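>>> Sequence and predicted structure below; questions after.
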Amino acid sequence: MRFLLLLLCLTGAARAQFAVSLSLPRTNFLALEAIPATVTLTNRSGAEVVLGGPGRASWLSFQMTDNGGHELAPLNVDASDMVQIPPGGTIQRKIVVTDAYAPSELGNYGLMARVHHTPSGQFYGSNRVRFNITDTKPMWEQNFGVPEGFRGAGSARRYGILLFIDIGSTALYFRLTDEKTGVRLQTYRLGPVSMAHDPQITIDAVNQLQVLFLAQPNVYAHCVVRPDGSLKSRTYYRDEPGNRPRLVQEAGGETRIVGGVAYDPSAAPEGKPARKASERPPGL
């Protein structure tokens, strides 16, 4: 009996060594969109803890379940770097969980983070967060051929722009699809959008996708996407009275922005300290 009580005490102490929490930026995501998760880990052991390092396995993994509660393949992420946490200390790690596994089926999912303490062999689980994979029809689509110099050169692809209306927010998304197979190759968020003015969308002379849209009152975002689906640039312009930014395509296919003034969301107004990148207006 005394041994059993001691074992129970030790087990309780082991479980209390780490406090692990998991959060997602929102609840709803489009199919194949990257899902970033933030893991917060607090050391409750009373001593310094070392996780990971040379010769040790990754200390962080994820477990995902589908709508029926069935466990999907474990999500192993690259967390082999050495982490030292002092007593009572807290660290955060931001991980794109879809780099390891991208749920393509629409529906509800659950996600939990697991921290592995190698010396003791113990696993410590986080709270389980729920999220939803949904989809919407493109508001604009256009086929194009992939030019030389890009992966998949000579194949037919399709650009798509999607309007995603979520709880309390509306965003513009980009999607790249293989025209022959219909396989969706990439989906990601271009930014928040106001539909007070319709987005301007075109393909330029080198088959890049260019999109100009109202990101917030008086501020326009201009995104250029390469034929391989990677985002080449995202710049901003501020509206001026009677001089709204416009996306203009010349007869030869050259595309440029006319009107407005260049705008840096991270820059401070005159007479105020410069903003940090983290202090940009929401969504920019």
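Thanks, I have the structure now. Numbering: from 1, shown residues only.

>>> Give the rounded mean pLDDT of stretch 208-216.
Throughout stretch 208-216, pLDDT has a mean value of 97.

>>> make that stretch 34-48, sorry
pLDDT averaged over stretch 34-48 gives 92.

>>> Look up phi and psi at G182.
When read as degrees, to the nearest 10, the backbone of G182 gives phi 80, psi 0.

>>> number of nearby residues for it?
G182: 8 surrounding residues under other C-beta atoms under 10 Å. Using the backbone N, CA and C atoms, a C-beta is placed for each residue, glycine as well.

>>> Distance check, it against N143.
Applying C-beta to C-beta, to the nearest Å, the value for G182 to N143 is 12 Å.

>>> Spell out the residue ranges of the helices in the stretch 51-200 of the chain.
Counting by DSSP state H, counting those that start in this stretch, the stretch 51-200 of the chain yields no residue ranges for helices.

>>> Correct me if wrong: E105 contacts D135.
No. Using C-beta atoms under 8 Å, E105 is not in contact with D135; the gap is 10.4 Å.

>>> Which one's more surrounded, these two?
Using other C-beta under 10 Å as the criterion, E105 and D135 rank with D135 on top: 16 against 9.

>>> leaving aside the residues next to it on the chain, what's closest to that one?
Distances taken as C-beta to C-beta, 6 or more residues apart in numbering place A31 nearest to D135, at 4.8 Å, with adjacent residues excluded.

>>> Quick check: phi and psi at that neighbour.
According to degrees, to the nearest 10, the main-chain angles of A31 amount to phi -60, psi 130.

>>> residues touching it, list them.
A31 makes contacts with 104, 106, 133-135, 184, 187, as judged by C-beta atoms under 8 Å, 6 or more residues apart in numbering.

>>> are any of the residues you listed buried, and which?
Buried members of the contacts of A31, scored by 16 or more other C-beta atoms under 10 Å, are 133, 135, 184, 187.

>>> what residues are up against the third one?
Taking C-beta under 8 Å, 6+ apart as the contact definition, R184 lies against 31-32, 175-178.

>>> From L176, how far off is it?
7 Å.

>>> that older thread, possible to save the contacts of A31 as JSON lines with pLDDT?
Formatted as JSON lines, the contacts of A31 follow (pLDDT from 0 to 100):
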{"residue": "S104", "pLDDT": "69"}
{"residue": "L106", "pLDDT": "89"}
{"residue": "I133", "pLDDT": "92"}
{"residue": "T134", "pLDDT": "93"}
{"residue": "D135", "pLDDT": "92"}
{"residue": "R184", "pLDDT": "89"}
{"residue": "T187", "pLDDT": "93"}
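
>>> Please consider this matter closed, and thank you.
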